[in-house]
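[1] only geometry, no sequence info:
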């Protein structure tokens, strides 16, 4: 007797033979056409609400790439009819505390602008960069998570994750802290607080300062990724682009490495942007209203954008109950809602003009005379 061969046939069960009960809806004009109108009626008003919330946000963006009148200005002040403010630029070369270890000065850009109406808190300051590809694969991967947490990671392990920004060229080489391309290229322009120069009536003030803090600007989940380093000072050096901020480009007891667990500007920068044109939060004020009047802000100009054809801008913004200014989502909802209503009307007219019988077998190819002839 021949041995019984094993069969690969699935067991005769409802599950394995795909006989389970399932809902198989039949799309008919009575079910599809109302769906078009329902989606349109919901999406169009919802888009209008999103667009209204976006337009209620006050935003002033001043491009200071060259710090002169050639710059681009974008302003939205919903409370006033004219949204184009009067902007004045001026610049000077100054010595700053951060670059005190070099003989070169820093280009300081002064922006003077008028706020036509009171802005209620919270108020946010952003910097906006264009043509900067933080989403490049080699750039995104260039960091070491353990080193950022404070672990003293050996140099040979850093070379895999941080590449050329792992160690310097000294003999013997020292570890770069924090290592990687992202940390080395951090946005290092310094944006000052706002100085209140004139009130809404043009009367000079005492140059009161509107305080903006770089606190609570990073995500709470991001703050858990950083810690105080465990390296000894003689083991590490700053990244190359940080060298001017430290004596002889080295960390010392008087100029120690930064505490990344409290440096939220660094944490914001390390969360890389997905598009080449982006903005990142720099500072905020959650308690004090910004009075109408003339203001001045000083920006120490260090971050080079012209070398790669980019631009940078100072952005002052409020928020709505749905967040910052973004008209795209509202316009998209309105467009989808209108499209659904229009298509629903067209399909309804077509159905009323020349309805098609449900389950009409004459539309099947094998019942079609021409198709049957072609089949032979």
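    Here it is on my side, so go on. Keep in mind that what you see is a predicted model, and the values were worked out from it rather than measured. Residues are numbered from 1 along each chain as shown.

[2] how far out from the middle of the chain is the strand or helix carrying residue 328?
    Using DSSP states H and E, residue 328 falls within helix 327-353. Centroid displacement of helix 327-353 relative to its chain, using C-alpha atoms, centre = their mean, to the nearest Å, is 31 Å.

[3] just checking, what packs against that helix?
    Contact partners of helix 327-353 among helices and strands, from 3 or more C-beta pairs under 8 Å, 6 or more residues apart in numbering; DSSP states H and E: helix 29-55. Yep, even glycine has a C-beta here, placed from its N, CA and C like the rest.

[4] The helix it packs on packs against which elements?
    Going by 3+ C-beta pairs under 8 Å, 6+ apart, helix 29-55 lies up against helix 327-353.

[5] now the angle from the helix it packs on to helix 29-55?
    160 degrees (axes from the mean of the first three to the mean of the last three C-alpha atoms, to 10 degrees).

[6] now helix 327-353: mean pLDDT?
    Mean pLDDT, computed over helix 327-353, is 95.

[7] Buried residues, that helix. List them.
    Residues of helix 327-353 classed as buried: 329, 330, 333, 334, 336, 337, 340, 341, 344 (neighbour count, 16 or more other C-beta atoms under 10 Å).

[8] what residues are up against residue 173?
    Neighbour list for residue 173: 155, 167 [criterion: C-beta atoms under 8 Å, 6 or more residues apart in numbering].

[9] quick one: the strands in this protein?
    For the chain, the strands defined by DSSP state E cover 59-63, 73-76, 88-94, 106-115, 123-129, 175-176, 190-191, 194-199, 204-210, 236-237, 278-285, 293-301, 312-317.

[10] Of all those strands, which one comes closest to residue 246?
    strand 236-237 (8.4 Å; C-beta to C-beta).

[11] quick one: contacts for the residue lying closest to residue 257 once chain neighbours are set aside?
    The shortest distance from residue 257 to any non-neighbouring residue, by C-beta to C-beta, 6 or more residues apart in numbering, is to residue 251 (5.0 Å). Residues near residue 251 by C-beta under 8 Å, 6+ apart: 177, 233, 236, 237, 238, 257.

[12] Now render the residues you listed as JSON lines, adding distance to residue 214.
    Formatted as JSON lines, those follow (distance: C-beta to C-beta, whole Å):
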{"residue": "177", "distance to residue 214": "21"}
{"residue": "233", "distance to residue 214": "26"}
{"residue": "236", "distance to residue 214": "24"}
{"residue": "237", "distance to residue 214": "25"}
{"residue": "238", "distance to residue 214": "20"}
{"residue": "257", "distance to residue 214": "18"}
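
[13] Is there a quick ChimeraX command that grabs whichever of these are buried?
    Buried residues among these (16+ other C-beta under 10 Å), as a ChimeraX selection:
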select :177,236,237,238,257
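
[14] out of the contacts of residue 251, what pair is the most spread apart?
    Maximum pairwise distance in the contacts of residue 251, criterion C-beta to C-beta, is 11.3 Å, between 233 and 238.
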